[in-house]
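Asker: fold the following.
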Amino acid sequence: MMTGKTFTNSLGMRFVRIEPGTFRMGNDEPLPDHLVRLPNRRCGDSDERPAHRVTISRPFYLGACEVTNAQFEEFDPSHGGLRGKARFSKEDDEAVVFVRWFDAVAFCEWLSRKEGLPHRLPTEAEWEYACRAGTTTPFHTGDALPEAFHKNARMSWYPDPHLGQTEKDLVPLTVGQTPPNAWGLYDMHGNVEEWCLDWYGPYDEHDQTDPVGLADGDFRVTRGGSHSTELYYLRSSNRMGTLPEERSWLIGFRVLIGELPQTKPSPMAPRALHEREVRQEAPSDLPERPDLSKPYFKGPRVYMRIPPGSDGPIFSHHNHVPAVVACPNGDILAIWYTCREEPGREVATAASRLRVGAEEWEPASLFWDAPDRNDHASALWLDERGTIYHFVGLSVAATWGNLATIMRTSQDNGATWSKARFIIPEHGARHMPITSVIRTRDGALVLPCDAVTGGEGGTALWISDDEGVTWRDAGGTIAGIHAGVVQLRDGRLLAFGRGDTIDGKMPMSISADMGARWTYQASPFPPIHMGQRLSLLRLREGPVFFASFANEPMAITDASGEERTITGLYCAVSFDECRTWLCRRLVSDDGPERLVETMDGYFRPMSRSRSEPAGYLAACQAADDLIHLVSSRNHYVFNLAWLTTLPPALE
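Answerer: Predicted structure coming up:
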């Protein structure tokens with residue numbers, strides 16, 4: 001190890017010596033008012049706690065600036081083809097972006113061989129220690145971050161073509177243009193996020209020396225925040241992370257010279273509640289199943305069980321967009337996103353499990369959460385061999401305007417999951433999963449994804465012919481977002497969607513070429529609006545099941561043989577491949593009118609004529625043929641006999 005205060009290598013990269021010391025890592029102190037954008041984020045994010053004492057026991061040298069295009073391309077000249085992608089980082093002296101964690105590690109290894117010194121990425125603890133440079137304030141500049149550091153410091157939708165694409169989103173990423181911290185390091189707040197060595201995981205509450213993070217995980221830590229990011233996320237203690245395969249216009253890195261500490265990795269975090277003690281076979285002492293030849297209905301039963309005042313990573317404020325699957329062992333697993341605000345970086349995915357034979361859903365637990373990335377919309381699907389698939393959109397930052405698509409699988413009823421991997425790695429439109437996954441008669445997997453960020457514009461289909469290994473965009477667009485899709489007996493695909501209304505009705509789209517082209521016509525159903533999503537499912541018995549919302553009174557026939565009207569959540573069944581829908585009924589227990597809690601704590605009447613007025617629907621059918629329908633809060637169970645029985649008359 002060198003002894004000088006600075007060191008410059010053969011590429012002209014300047015390094016600053018960082019001496020050993022002790023600091024308080026994380027944050028559990030109230031933030032200045034100007035940083036508290038959301039009222040219950042006064043002490044930062046939950047993953048910054050507990051703040052704890054960390055000792056860095058050995059000196060190291062850290063790059064004074066982030067690695068530039070010119071420096072990285074000495075190692076990988078082909079990266080020049082990525083300069084200017086998304087209109088960012090074109091010049092030699094701008095921070096290199098569109099580099100994976102693996103690329104950053106490979107660059108460090110190349111430098112180690114070239115320079116004869118140990119180069120690597122900093123650990124998360126080393127990074128925060130160096131960033132703070134002895135300070136305890138939100139930034140190394142104090143409680144506020146000077147204007148010189150602000151580079152489009154806001155929640156940005158760029159480059160989404162519908163809500164982004166403004167010139168103020170385009171900022172230079174030139175390194176070393178802002179004042180350095182007290183130890184001579186530039187751009188520690190903003191410019192670009194920086195890859196760290198660690199796997200992301202919860203903090204240890206005990207004092208630590210030279211921590212190196214977890215032994216494994218899904219996400220590699222990034223630090224420092226970037227351009228096009230709110231100031232809250234540029235703080236010294238703020239933690240971010242994403243899949244190590246990620247390439248984006250926000251993430252670069254800086255290099256450390258020094259041996260890696262020989263510290264043992266931290267223990268893995270305890271498994272989430274929905275992953276614990278999951279039986280792989282249904283127990284033998286289950287209650288007798290209902291007689292499916294008779295109508296059966298149960299609900300509403302709350303599946304989103306979140307304590308009031310929960311403030312991350314699961315939030316009591318806004319819970320929405322569910323998916324549901326019947327596990328091979330008989331359990332029902334539901335997931336949904338949880339947040340303070342839908343475009344926010346805090347959006348995570350929560351889960352709850354209804355154990356087979358249980359009457360009550362378990363409390364919510366964390367299912368998936370790329371730290372400080374908007375994890376927007378999930379889908380669950382069970383294949384014929386008992387594998388559960390999870391699909392989710394991963395944002396480059398905030399908003400759902402620029403999603404890539406992730407897939408994981410479980411072969412043990414959701415107790416464990418495969419490593420997440422990109423199946424659609426480019427961030428952009430047509431990538432937001434919809435929970436209407438199907439397998440076609442020829443064995444292809446079909447994943448619907450919203451084609452746009454707004455309420456009009458339709459749904460794309462992604463197709464895999466090799467069990468999810470590779471995926472291709474079918475090319476066409478279904479009318480309406482959030483589409484439900486089924487395959488008809490003649491091989492055509494049929495879909496219903498929200499928006500793109502035809503003649504005042506919900507649009508119906510039909511494709512004879514696996515989604516390459518679609519024809520459009522009015523369906524027999526009323527349109528749905530913001531806060532609503534339909535569900536479409538082929539039942540094991542053969543007919544097609546449909547659930548949606550009637551925003552205006554809809555006529556049905558009840559057991560008296562008379563017509564009357566209903567509003568709210570209803571369902572229907574077609575026995576002739578969606579040409580007619582003879583069975584329509586309200587999703588209600590048909591009891592006396594009372595108030596039922598619905599999405600986000602709103603109470604609405606439920607009776608023989610009214611049901612939930614809004615929510616995103618998801619449905620599955622279990623091996624016992626019971627149909628499980630979830631809204632954005634409640635769970636309903638019924639069978640085909642109930643669906644085809646006329647509802648009771650009004651008294």
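Asker: which parts of stretch 307-322 are buried?
Answerer: Going by neighbour count (16 or more other C-beta atoms under 10 Å), the buried part of stretch 307-322 is 310-322. Glycine gets a C-beta too; all of them are placed from N, C-alpha and C.
Asker: export those as CSV, with columns for pLDDT, secondary structure and distance to residue 251.
Answerer: Compiled in CSV, the buried residues of stretch 307-322 are given as follows (pLDDT from 0 to 100; DSSP: H, G, I helix; E, B strand; the rest coil; distance: C-beta to C-beta, whole Å):
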residue, pLDDT, secondary structure, distance to residue 251
310, 90, coil, 29
311, 86, strand, 27
312, 85, coil, 23
313, 93, coil, 21
314, 95, coil, 26
315, 94, strand, 26
316, 93, coil, 31
317, 92, coil, 28
318, 94, strand, 27
319, 96, strand, 29
320, 95, strand, 28
321, 97, strand, 26
322, 98, strand, 30
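Asker: farthest-apart pair in these, please.
Answerer: Maximum pairwise distance among the buried residues of stretch 307-322 (C-beta to C-beta): 21.2 Å, between 311 and 322.
Asker: and stretch 254-264, end to end?
Answerer: Criterion C-alpha to C-alpha, to the nearest Å; first-to-last residue distance in stretch 254-264 is 24 Å.
Asker: could you do stretch 45-63 as well?
Answerer: Taking C-alpha to C-alpha, stretch 45-63 runs 28 Å from one end to the other.
Asker: how about stretch 15-24?
Answerer: By C-alpha to C-alpha, one end of stretch 15-24 lies 24 Å from the other end.
Asker: pLDDT (mean, whole number) over that stretch?
Answerer: Mean pLDDT, computed over stretch 15-24, is 98.
Asker: in the stretch 151-300 of the chain, which segments are predicted with low confidence?
Answerer: For the stretch 151-300 of the chain, the stretches flagged by pLDDT under 70 are 164-165.
Asker: next, give phi and psi for residue 196.
Answerer: The phi/psi pair for residue 196 (degrees, to the nearest 10) reads phi -110, psi 170.
Asker: show me what contacts the spatially closest residue to it that is not a sequence neighbour?
Answerer: For residue 196, ignoring the flanking residues on the chain, the nearest one in space by C-beta to C-beta, 6 or more residues apart in numbering is residue 221 at 4.2 Å. For residue 221, the contact set (C-beta atoms under 8 Å, 6 or more residues apart in numbering) comprises 124, 195, 196, 197, 198, 199, 200, 213, 239, 240, 241, 371.
Asker: now do the strands in the stretch 51-200 of the chain.
Answerer: Taking DSSP state E, counting those that start in this stretch as the criterion, the stretch 51-200 of the chain carries its strands at 52-56, 60-63, 119-120, 193-199.
Asker: on that earlier part again, now flag whichever of the contacts of residue 221 is closest to residue 479.
Answerer: Using C-beta to C-beta, the shortest approach to residue 479 within the contacts of residue 221 belongs to residue 371, at 36.4 Å.
Asker: got a list of what that closest one touches?
Answerer: By C-beta under 8 Å, 6+ apart, the contact list for residue 371 reads 47, 200, 219, 221, 239, 240, 241, 242.
Asker: tell me how far the helix or strand harbouring the fourth one lies from the chain's centre.
Answerer: Under the criterion of DSSP states H and E, residue 221 resides in strand 220-223. How far strand 220-223 lies from its chain's middle: 17 Å, per C-alpha atoms, centre = their mean, to the nearest Å.
Asker: who does whichever helix or strand comes after it pair up with?
Answerer: Following strand 220-223 in sequence order, the next helix or strand is strand 240-242 (DSSP H and E). Sheet pairing of strand 240-242 (DSSP bridges) gives strand 220-223 (antiparallel).
Asker: so what does the longest strand seen in the chain touch, helix or strand wise?
Answerer: As assigned by DSSP state E, the longest strand anywhere in the chain is strand 544-557. Packing partners of strand 544-557 (3 or more C-beta pairs under 8 Å, 6 or more residues apart in numbering; DSSP states H and E): strand 535-538, strand 563-574, strand 583-586.
Asker: let's have these in JSON lines, adding mean neighbour count.
Answerer: Below are the helices and strands packed on strand 544-557 laid out as JSON lines (neighbours: other C-beta atoms under 10 Å):
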{"stretch": "strand 535-538", "mean neighbour count": "21"}
{"stretch": "strand 563-574", "mean neighbour count": "19"}
{"stretch": "strand 583-586", "mean neighbour count": "22"}
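Asker: still on that earlier bit, and the strand holding residue 221, which residues are buried?
Answerer: Using 16+ other C-beta under 10 Å as the test for burial, strand 220-223 gives 220, 221, 222, 223.
Asker: likewise stretch 414-424?
Answerer: Per 16+ other C-beta under 10 Å, stretch 414-424 contains these buried residues: 414, 415, 417, 420, 422, 423, 424.
Asker: domain assignment for the chain?
Answerer: Domain assignment of the chain by automatic domain parsing yields the ranges 6-257, 318-418, 434-526, 528-651.
Asker: endpoint to endpoint, the longest one covers what distance?
Answerer: Looking at domain 6-257, the gap from its leading to its trailing residue is 11 Å under the measure C-alpha to C-alpha.
Asker: equivalent analysis for the last one, please.
Answerer: Domain 528-651 has its terminal residues 30 Å apart, counting by C-alpha to C-alpha.
Asker: distance from that domain to the middle of the chain?
Answerer: Domain 528-651 sits 28 Å away from the centroid of its parent chain (C-alpha atoms, centre = their mean).
Asker: per-residue pLDDT, the closest residue to residue 26 other than its chain neighbours?
Answerer: Once flanking residues are discounted, residue 26 sits nearest to residue 51: 3.8 Å by C-beta to C-beta, 6+ apart. Looking at residue 51, its pLDDT is 96.
Asker: now do the strands in the stretch 501-650 of the chain.
Answerer: Per DSSP E, counting those that start in this stretch, the stretch 501-650 of the chain carries strands over the ranges 507-511, 519-522, 532-533, 535-538, 544-557, 563-574, 583-586, 594-597, 603-606, 615-616, 618-621, 627-630, 634-638.
Asker: name the residues that touch the fourth one?
Answerer: The reference is to strand 535-538. By C-beta under 8 Å, 6+ apart, the surrounding residues in contact with strand 535-538 are 436, 438, 484-487, 495-496, 544-548, 617-621, 627, 629.
Asker: picking up where we left off before, greatest separation within the contacts of residue 221: which pair is it?
Answerer: Across the contacts of residue 221, no pair lies farther apart than 197 and 371, at 15.5 Å, counting by C-beta to C-beta.
Asker: quick one: residue 200 and residue 244 touch, right?
Answerer: No: Residue 200 is beyond contact range of residue 244, at 10.4 Å (criterion: C-beta atoms under 8 Å).
Asker: with that, I have no additional questions.
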